[in-house]
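Asker: Here is my input; please provide its structure:
(one chain, ligands or ions: 1)
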Amino acid sequence: MTKQTAADVVHAVPLDDGIVHEFTHHCPCGPAPQIVPGGVVLVHASLDGREQKETS
Ligand SMILES: [Zn+2]
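Answerer: You can find the predicted model right below:
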């Protein structure tokens, strides 16, 4: 899903994820900002294991 939180900021959050995302830069998933025409899309990572990253 996507949610616009400011005139030029949109959050893209995975559906049915295992956590509740905060619609801020400080979301625990560490959203990645993507510059798009007219603003920024903060792409939130899925924390339910679909995109598990190695942290060695
Ligand atoms: Zn998030």
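Asker: for the protein, what are the low-confidence residue spans?
Answerer: 48-56 (pLDDT under 70).
Asker: Just the strands from it, written as ranges.
Answerer: 2-6, 9-12, 32-36, 39-43 (DSSP state E).
Asker: right, is the third one up against the ion?
Answerer: No. Counting by C-beta under 5 Å from the ion, the ion has no neighbours in strand 32-36; the shortest distance is 9.8 Å. All C-beta atoms are positioned from the backbone trio N, CA, C, and that covers glycine.
Asker: coming back round to it: reformat the strands of the chain as TSV; add mean neighbour count and distance to His21.
Answerer: Shown next, in TSV, are the strands of the chain (neighbours: other C-beta atoms under 10 Å; distance: least, C-beta to C-beta, whole Å):
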stretch	mean neighbour count	distance to His21
strand 2-6	11	9
strand 9-12	18	7
strand 32-36	10	13
strand 39-43	17	10
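Asker: how far away is the residue minimising distance to the centre of the chain from the ion?
Answerer: Taking C-alpha atoms, centre = their mean, the centroid of the chain lies closest to His44, which sits 1.7 Å from it. According to C-beta to the ion, to the nearest Å, His44 and the ion sit 3 Å apart.
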